[in-house]
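J.: Below are the sequence and a predicted model for it; my questions follow.
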Amino acid sequence: MRVFRSVKAWVRYIAPHTPGFVRGILDSKVLSSMGVIPVLKRRSAPRIVLWHPPLNPWLKLNTDGFSKGNPGLAGCGGVFRDRFSCFIGGYRQGLGTQTAFFAELMAVILGVEFAFHFGWHHV
């Protein structure tokens, strides 16, 4: 539960500084429950995204959450890699019927808990 409160505080802090958009009522309700005022924005054109390895001694956590439908059958997962791009660890979790937004948030929360459990403090 401590990790969830930390992520909730982080979402409250970073939300006003991060461009993005809310896709629906359910996403808006999740953000509102965390004390974040959702901002509706238009979608931008697709862009190329590159992955860069982290600097030593950091690990990089890449996460993804998904939902087949919104809401629908959902799950999430993540991968930890080191500065040489070597696989360090990973996780996956079924979430039952949830929204895609909830699945994305849970992917980050579970990743932070996983790192904490294994003593990885530079994520």
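T.: Nice, thanks for sending it over.
J.: which residue ranges form the helices in this protein?
T.: In the chain, the helices defined using DSSP state H lie at 2-14, 25-33, 100-118.
J.: Tell me which of those helices is the most buried.
T.: By mean neighbour count, with neighbours taken as mean count of other Cβ atoms under 10 Å, helix 100-118 ranks first of these at a mean of 19. All C-beta spots, glycine's among them, are computed from the backbone N, C-alpha and C.
J.: If you count contacts, what does that one end up packed against?
T.: helix 2-14, helix 25-33, strand 60-69, strand 72-81, strand 87-98 (3 or more Cβ pairs under 8 Å, 6 or more residues apart in numbering; DSSP states H and E).
J.: Pipe the helices of the chain into CSV and attach distance to Leu61 and mean pLDDT per row.
T.: Below are the helices of the chain laid out as CSV (distance: least, Cβ to Cβ, whole Å; pLDDT from 0 to 100):
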stretch, distance to Leu61, mean pLDDT
helix 2-14, 13, 67
helix 25-33, 21, 69
helix 100-118, 5, 93
